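Participant: Next input, structure requested:
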Amino acid sequence: MVSVPDPAATTSHAALSARWKPWAWLGEWWPRARPWALAALGLLFVLVIVAALGAVLHEVRYADVLAAIKATPQRDIVLALLFTAASFLALTGYDASALRHAGAQVRPGTVMLTSFVAYALGNTIGLGPLTGGAVRMRLYGAAGVEPAKITRAIVFNAAAFFLGITAFGALGLLWAAELVAPQLHLPALLLRAGALLALAALAGFVVLCARQRVLRLGRWSMRLPQAGLALRQLAIGGVELACSAAVLWCLLPAGALPLASFVAFYAVAIAASIVSHVPGGIGVFEAVMLAALGPQVPVQEVLGALLLYRGIYHVLPLVAAAAVLALYELRTGVAAPVGRMA
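Facilitator: Okay, the predicted model is just below:
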């Protein structure tokens, strides 16, 4: 005997299920509220950028930066500007690969705009996955990308940056363990062993990506990228960090520190800044670099180079990001009619 489900019971069950879905009402008002919510988020970003710029400029004084500029050859400043542009261009590769991994199609211009604003804001405020992630939610969401795919891209971005800086720092330590060891008060052999262990772990991760698509640890699972994509992210991370390190390297006095040990200390300083979550790593980054360069270079020369580095690599991109974001909101956001009128 075959039992037939009662239509009334089925209808009642469906109504009960709908009643117990508190998020069902979002579908009714979200399409109308979405443009205003995105515009409010964009305005919030502009205000946060202005506040962050004020905090940075409170530490980076104009007179000190001007003195550092006068003491630095013009050729070195031009090189620092070029390496800054190359660094932010390389960062675009992070977003392009992350979106590909998430299965999202976005125009290259939107990717470049979003990546620039997100990293300019994240580098200065700190908490990159949060601040940069909010920018990506705003701009990629306006481009029609689903929130789930944006979240997947944000997580992939953060993991890729962590892997990139690990590889960059491990290679620097492996190259200059004897030079870095005295400043860190650790045996060179221990530093070299740690660097080799980190590189072996990265190689194991790439092999894992080549052999399986999903990593499962109990109830937790993560979709792994293809091995080629993982290698590409490591290469992008290496290029980006090398360019950002070259910005400061160009501004330091000639022969201040061997390149190998400078690269290792720069990676340590960046990692310490990220872990500290201090806006822009102000104070943390400088403390590490002063510890590395202090014995070889007069402190005032190091501080001058660091101030100029802050101005070129942090303040200039932040000002440009604020202008770009404001222009974007005036052209495509809710404020577009005002922008067209202006």
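
Participant: Please make it C-alpha for all contacts and neighbour counts, starting now.
Facilitator: Fine.

Participant: count of neighbours near Gly103?
Facilitator: By other CA atoms under 10 Å, 14 other residues sit near Gly103.

Participant: contacting residues for it?
Facilitator: Contact analysis of Gly103 by CA atoms under 8 Å, 6 or more residues apart in numbering lists Lys149.

Participant: And it, how far from Ala177?
Facilitator: 41 Å (CA to CA, to the nearest Å).

Participant: How about Ala271?
Facilitator: 17 Å.

Participant: between these two, which one's more packed in?
Facilitator: Under the criterion of other CA under 10 Å, the comparison of Ala271 against Ala177 puts Ala177 first, with 24 against 18.

Participant: Would you mind listing the residues in contact with the more buried one?
Facilitator: Here Ala177 is in contact with 188-189, 191-192, 261 (CA under 8 Å, 6+ apart).

Participant: again, only this time at 7 Å
Facilitator: Residues near Ala177 by CA atoms under 7 Å, 6 or more residues apart in numbering: 188, 191-192.

Participant: Any quick PyMOL command for the buried ones out of those residues?
Facilitator: Buried members of those, defined by 16 or more other CA atoms under 10 Å, are picked up in PyMOL with:
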select buried, resi 188+191+192
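
Participant: what's the closest of the contacts of Ala177 to Ala326?
Facilitator: Comparing the contacts of Ala177 against Ala326 with CA to CA places Leu191 closest, at 46.2 Å.

Participant: Where does the closest one fall, secondary structure wise?
Facilitator: In this structure, Leu191 sits in helix 188-211 according to DSSP states H and E.

Participant: what residue ranges in the stretch 51-200 of the chain score low on pLDDT?
Facilitator: Scanning the stretch 51-200 of the chain for pLDDT under 70 picks out 51-66, 68-69, 126-129, 183-184.

Participant: Quick check: what element follows the helix holding Leu191 along the chain?
Facilitator: The first helix or strand that comes after helix 188-211 along the chain, using DSSP H and E, is strand 214-217.

Participant: Point out the other helices and strands that that next one packs with.
Facilitator: strand 220-223 (3 or more CA pairs under 7 Å, 6 or more residues apart in numbering; DSSP states H and E).

Participant: And the average pLDDT for the strand it packs on is what?
Facilitator: Strand 220-223 carries an average pLDDT of 70.

Participant: One more: stretch 247-262?
Facilitator: This predicted structure assigns stretch 247-262 an average pLDDT of 80.

Participant: was I right about Glu178 contacting Ala188?
Facilitator: Yes: using CA atoms under 7 Å, Glu178 makes contact with Ala188 at a distance of 5.2 Å.

Participant: Mind jotting down where the helices sit in the stretch 101-250 of the chain?
Facilitator: Taking DSSP state H, counting those that start in this stretch, the helices of the stretch 101-250 of the chain run over residues 108-125, 128-142, 147-184, 188-211, 227-251.

Participant: residues in contact with Ala102?
Facilitator: By CA under 7 Å, 6+ apart, Ala102 lies in contact with 149, 152-153.

Participant: err, Phe265, not the other one
Facilitator: 289, 292.

Participant: quick check: angle from the helix or strand hosting it to helix 147-184?
Facilitator: Element membership for Phe265, per DSSP H and E: helix 259-276. Here helix 259-276 runs at an angle of 130 degrees relative to helix 147-184 (axes from the mean of the first three to the mean of the last three CA atoms, to 10 degrees).

Participant: Run the angle between helix 259-276 and helix 108-125 for me.
Facilitator: Using the same axes, to 10 degrees: helix 259-276 against helix 108-125 is 80 degrees.

Participant: Just the CA trace of helix 259-276, in CSV.
Facilitator: Extracted as CSV, the C-alpha positions of helix 259-276 are listed here (Å, rounded to 0.1, in the frame of the first residue of the first chain):
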residue,chain,number,x,y,z
LEU,A,259,70.6,43.5,0.0
ALA,A,260,70.1,39.9,1.3
SER,A,261,69.9,40.9,5.0
PHE,A,262,67.7,44.0,4.1
VAL,A,263,65.2,41.7,2.3
ALA,A,264,65.0,39.4,5.4
PHE,A,265,64.5,42.3,7.8
TYR,A,266,61.9,43.9,5.6
ALA,A,267,59.9,40.7,5.6
VAL,A,268,60.2,40.4,9.4
ALA,A,269,59.1,44.1,9.7
ILE,A,270,56.1,43.6,7.4
ALA,A,271,55.0,40.5,9.3
ALA,A,272,55.4,42.2,12.6
SER,A,273,53.2,45.1,11.4
ILE,A,274,50.5,42.8,10.2
VAL,A,275,50.4,40.8,13.4
SER,A,276,50.4,44.0,15.6
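
Participant: Check the offset of that helix from the chain's centre.
Facilitator: 15 Å (CA atoms, centre = their mean, to the nearest Å).

Participant: Check which element follows it along the chain.
Facilitator: Counting by DSSP H and E, the next helix or strand C-terminal to helix 259-276 is helix 284-293.

Participant: Which strands or helices does that following helix pack on?
Facilitator: Counting contacts by 3+ CA pairs under 7 Å, 6+ apart, helix 284-293 packs against helix 259-276.

Participant: And the strand or helix carrying Thr92, what's buried?
Facilitator: Element membership for Thr92, per DSSP H and E: helix 74-102. Using 16+ other CA under 10 Å as the test for burial, helix 74-102 gives 76-77, 79-81, 83-99, 101-102.
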